[in-house]
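J.: just to be clear, the model below is a prediction. Sequence and coordinates:
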Amino acid sequence: MASDEFQIPGTTPSPEQQPAPRPPAPEPVRIPRPPKDRPPRNPQKMAIIIASVISLTLIGGILWWALAAQPPTQDLASVNTSPKTTATKTPAPTAAKAAAIDLTKLPLGDGKRSSTAKQGYVQTCRSSFPANAPGAQTAGPWIDQANKTWDATKKVEVGGDVDWPQAKLSITTSGANRLITSNALPEHLTGIYPVRASDPAYKYDRNPGSIQANDLSFTLPLNPTVQSQSTCIFGEVAILLSGSVLFDAFDAGGRDAVAWELQDKCAGHPNHMYHYHGYTPCVQDKSAAGAHSDLVGYAFDGFGLYGLKGEGGVQLSTKDLDECHGHTHALPWNGSTKSIYHYHLTRDFPYSVGCFRGVRSVSGPVGQAPL
Ligand SMILES: [Zn+2]
Ligand SMILES: [Zn+2]
C-alpha cells in the first residue's frame, strides 16, 4: 500500500498561508441603548413605571429601616439577598464560555505537575526534574514570572523556511489496530535548526538540536476504552497528522515548554527529532466555522486528538475539559459517528494531553529525553 495514500491532503500549508494568531477581542458585549432624546412611546406606561419605582423605593426604604433595626447578630447574608433593582441590570452574557482566551496573559505552567490527574496540570511520570536541564537559557520578555503568565503574542519565533519533501506518514488499519508509521519529519516548513547565532531567538534559546529523520512505528487500538485510573505521561504523547510527534507541556526542567522554549512558526523545534509541545497552526483544521475541530492526531492510548474547537465551534480552554484534557461526545470515528472520549488542543496550559485516559500503547519514549 502506497504510503502517501494516507497522507492527509492540505496538511502542508506554508506558514505564511496561515492566518496570524489574533488576540482575543477585548471588547465586552455592549447592549445598544436608545438615544436619550427619544420620546417615550407610551406615556401611560412610563407613568406606571415611575409609580412602580417610587413604590419600590418606599418599600425598599421601609425594608432597610426594618432590617437596620434588627439586632447586630442578624446574618448579613440574609440582608443582602433582599430584592434589588435587578430588572435594570444588564443581563450577564450567556456566551461566557465562548469568550476567547487572552493570549497576552496565558497561565505559566512552570511546575504545574501532579502525581494524580488534576485539571490544568500534567500528571507526570517523573518524580523530579533536573535543575540544570537543557532548554531555554533565559526567560524571554514575554514571560511574566512574577504574575505567572506569559504573552503568546510577543514571543519570538525561530526564523527560516525549511522544506521536508522526504516527510513520510502512513496510517492504516489492521484488525482492531491502527498502524502508524512516520519518519518523524513534518509535512510543513520549519525554522532553521540549530538556532543560528544571527537569529533573534538565539538570545533566549540556543537550541543546538537539528531536525533528523527517525523511523517511528505505532500500533494503537482502533477503539480505545476509558480506564478507571488515568496514566501518567512523560515526553511524547501523540503523533500529529503532520507526521511529527507531540510532547507533553514540560521542557526537560519541568518548565512550561510552550512559554519558555523557542519554536518556529509551526510551534515546533527539535531535540534530534522535530516535535511540538502544544497547539501548532500548521496541522490544518479545515472544519467550518461553528463546527467541532478536525482530528489533528492520535494520542498514544489510541484516542483522537482534536483542534481548538469543541461542539458548536466554541473555542475550548482547559477549564472546559477533564483532568486529562479531554471529554466525551459524539463525533466521526472510524467511519461512523460515535460517542467517544477524545483530547483537545487548547491555547492554555497544559495545551494537550495531561494524562492518558486509555491504556498507553506506546512503550517508552520514542525519541530521546525531551528538550
Ligand atoms: Zn470534542
Ligand atoms: Zn521540546
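T.: Yep, it's here. Ligands and ions are numbered 1, 2, ... in the order given.

J.: for this protein, which segments are assigned as helices?
T.: Under the criterion DSSP state H, the chain contains helices at 43-68, 76-80, 257-260.

J.: would you single out the least confident of the ones you listed?
T.: Ranked by mean pLDDT, the helices of the chain end with helix 76-80 in last place, scoring a mean of 31.

J.: relative to Ala330, how far out is His275?
T.: Noted for His275: a distance of 31 Å to Ala330, by CB to CB, to the nearest Å. C-beta here means a position set from N, CA and C on the backbone, and glycine is covered the same way.

J.: okay, those two: which has more neighbours?
T.: Between His275 and Ala330, counted using other CB atoms under 10 Å, His275 has the larger neighbour count: 29 against 11.

J.: OK, contacts around the more buried one?
T.: The contact partners of His275, taken as CB atoms under 8 Å, 6 or more residues apart in numbering, are Glu236, Ser244, Val245, Leu246, Phe247, Gly268, His269, Gly367.

J.: which one (most neighbours) among these?
T.: Highest neighbour count within those, by other CB under 10 Å: Ser244, with 32 neighbours.

J.: correct me, but that residue touches Gly268?
T.: Yes - checked against CB atoms under 8 Å, the pair Ser244 and Gly268 is within contact range at 6.4 Å.

J.: any common contacting residues for the two?
T.: In contact with both Ser244 and Gly268: Pro186, Tyr274, His275, Tyr276, using CB under 8 Å, 6+ apart.

J.: so, low pLDDT: which residues of the stretch 251-371 of the chain?
T.: 364-371 (pLDDT under 70).

J.: so which residues of it form strands?
T.: Ranges of strands within the stretch 251-371 of the chain are 268-270, 274-276, 295-299, 304-306, 326-333, 336-344, based on DSSP state E, counting those that start in this stretch.

J.: what's the closest of those strands to Val226?
T.: Of all the strands of the stretch 251-371 of the chain, strand 336-344 sits nearest to Val226, with 5.1 Å by CB to CB.

J.: the closest one packs against which elements?
T.: Contacts defined by 3 or more CB pairs under 8 Å, 6 or more residues apart in numbering; DSSP states H and E place strand 336-344 against strand 304-306, strand 326-333.

J.: Throw these into TSV and include distance to Thr172, thanks.
T.: As requested, the helices and strands packed on strand 336-344 are exported to TSV (distance: least, CB to CB, whole Å):
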stretch	distance to Thr172
strand 304-306	16
strand 326-333	16
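
J.: deepest-packed of the ones you listed, please.
T.: Comparing the helices and strands packed on strand 336-344 by mean neighbour count (mean count of other CB atoms under 10 Å), strand 304-306 ranks first with a mean of 24.

J.: now stretch 324-331: how far from the chain's centre is it?
T.: Mean C-alpha position of stretch 324-331 versus that of the full chain (CA atoms, centre = their mean, to the nearest Å) differs by 14 Å.

J.: what residues does that stretch touch?
T.: Contacts of stretch 324-331 (CB under 8 Å, 6+ apart): 117, 123, 226, 230, 292, 303-304, 306, 310-311, 318, 320-321, 337-344, 346, 350, 352-357.

J.: repeat that with 7 Å
T.: Residues outside stretch 324-331 that contact it (CB atoms under 7 Å, 6 or more residues apart in numbering): 117, 230, 292, 303, 311, 318, 321, 337-344, 350, 352-357.

J.: got the confidence number for Gly135?
T.: 82.

J.: ok, the residue nearest to it when sequence neighbours are not counted - how many residues close by?
T.: Leaving aside its chain neighbours, Gly135 sits nearest to Asp251 (4.2 Å; criterion: CB to CB, 6 or more residues apart in numbering). Close neighbours of Asp251, defined as other CB under 10 Å, add up to 24.

J.: the stretch 51-200 of the chain: strands as residue ranges?
T.: 106-107, 113-114, 122-123, 143-144, 149-150, 169-174, 177-182.

J.: got the contact list for Val353?
T.: Per CB under 7 Å, 6+ apart, neighbours of Val353: Ile233, Val237, Ala238, Asp248, Ala299, Cys324, His325, Tyr343.

J.: again, only using 6 Å
T.: Residues counted as contacts of Val353 (CB atoms under 6 Å, 6 or more residues apart in numbering) are Val237, Ala299, His325, Tyr343.

J.: from these, pick the one nearest Leu106.
T.: His325 (15.1 Å).
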